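S.K.: Next one to model:
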Amino acid sequence: MAENISIFIGTSVHRWNDNRVFHKEAVSLASQFRVELHAPANFANKTLHDVIIIGLPLWKKESDRKILRSELWSRLKVSKTELFYFHDPELIWIGIKARLFLRKKVIYDVHENTVESIKGKKWLNTLTKRLAIIGYKLFEWIGKQLFSHFILAEDSYKTLIPHNSTIVLNYPIVDESNGNSEHKLYDLVYLGDVREDRGALIMLELIKQLKKKRGEIKLALLGKIVNRDKLDIIIKKYLLEQNIKFFGYVDYQEAIKIVKKSKVGLCLLKPSQNFIHSYPTKLFDYMNAGIPFVSSNFQLYDELIQKSNAGISVDPRNITEIINAVNQLLDDADYREQLGKNGKLSLEQKYNWQSQSDRLIKVIKSL
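M.R.: Next comes the predicted model:
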């Protein structure tokens, strides 16, 4: 049955063209199986790279996603697909129902340490956090008994789901082009959600300090912006309007083009359990674009730097250390170029999606 299996991929959180959900997993699976992707989109349906994409409404706030979950369940009930493959913790109840009532095979693709993520949600109080964690752990336990398999995006998640699971790391699809652009529009670039816990305020302070020496310093921020008003107040206070450009959410392919036009990538995440033990995909994206990076000095990140020699690690709480590392790279074009080449070579030899794609397809064929 595996060769002819049809797959219903569902996500209520990620846009249809999300890099892992669509470009990596859905496209890879569509090379072997019939694949439908149901995800937020600004269109009703289309087929791309053999993936049948059926749009869900775009959402602006988390409460909007209740409608998306209801629509996913309605579609799943009438779908003739054999396998429900979902990506979000909030869909775990739908996964349970799909197995119990629809008798579908179910795979849960785990992107994060959900318990730690709940702990970090500032809009939940202590009581509601505890209730949410208890509820999620209960549903996850039920899922462990019912689901066909778990796909884990990080090695560290294996301690959470040690059985019936396979690690499929979020390595990049290696860009076949030369990567690095000779024409640089930006000195620094950050790719990902622009949030305080992901270093938003650290980056503003960095630009404020660097501007004293480099008046024309420019930072490109690519990703969803959280608490924009607060950031704008700081930018205005320190007259950084000409130094920082917000792009907001950008399609991955376009984002990489901008990264290539930048000199140094930033990954100054604050120390939290959800970051310390997980690879930030932005590091691989910087390597893929052929540029060096400055990252937080977490052990996992340091190990990547030791193996690839593609960047510099710093204490994200030490602004002087960050400034020195950035200045070192901006002042030495040859050093930047060498680290960029090192990163690209490491991707080609080891950190690439093809090895993970083969592993994912093997899992599906084994069901």
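S.K.: All the strands of the chain, residue numbers only.
M.R.: 6-10, 34-40, 45-48, 51-56, 83-86, 105-110, 149-152, 165-167, 186-191, 219-222, 244-248, 262-267, 293-296, 311-314 (DSSP state E).
S.K.: Restricting to C-alpha, output the second one in PDB.
M.R.: As requested, the backbone C-alpha atoms of strand 34-40 are provided in PDB (Å, rounded to 0.1, in the frame of the first residue of the first chain):
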ATOM      1  CA  ARG A  34       0.000  11.700  -4.000                       C
ATOM      2  CA  VAL A  35       0.200  14.700  -1.700                       C
ATOM      3  CA  GLU A  36      -2.400  17.300  -0.700                       C
ATOM      4  CA  LEU A  37      -1.300  20.300   1.400                       C
ATOM      5  CA  HIS A  38      -4.000  22.100   3.300                       C
ATOM      6  CA  ALA A  39      -2.500  25.300   4.700                       C
ATOM      7  CA  PRO A  40      -3.100  29.100   5.000                       C
END
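S.K.: what's the angle from it to strand 6-10?
M.R.: Going by axes from the mean of the first three to the mean of the last three Cα atoms, to 10 degrees, strand 34-40 is angled at 10 degrees with respect to strand 6-10.
S.K.: Give me the sheet partners of strand 34-40 and which way each runs.
M.R.: According to DSSP bridges, strand 34-40 forms sheet pairs with strand 6-10 (parallel), strand 51-56 (parallel).
S.K.: so which of those gets nearest Tyr279?
M.R.: strand 6-10 (22.3 Å; Cβ to Cβ). For every residue, glycine as well, the C-beta is placed using N, CA and C.
S.K.: tell me the mean pLDDT for the closest one?
M.R.: For strand 6-10, the mean per-residue pLDDT is 98.
S.K.: For the stretch 151-300 of the chain, just list every one of the helices.
M.R.: For the stretch 151-300 of the chain, the helices defined by DSSP state H, counting those that start in this stretch cover 200-210, 228-237, 252-260, 273-276, 281-288, 299-308.
S.K.: Pairing partners for Ser165 in the sheet, please.
M.R.: Phe150.
S.K.: Next, the contact list for it, please.
M.R.: Ser165 is in contact with His149, Phe150, Ile151, Leu152, Tyr157, Lys158, counting by Cβ atoms under 8 Å, 6 or more residues apart in numbering.
S.K.: Need the per-residue pLDDT for the most centrally placed residue in the chain.
M.R.: The structure's the chain has its C-alpha centroid closest to Thr281; by Cα atoms, centre = their mean the separation is 5.7 Å. Looking at Thr281, its pLDDT is 89.
S.K.: For it, give me its contacts.
M.R.: Asn19, Arg20, Asn170, Pro172.
S.K.: Go ahead and confirm Lys184 touches Val259.
M.R.: No. Between Lys184 and Val259 there is no contact under Cβ atoms under 8 Å: 10.9 Å.
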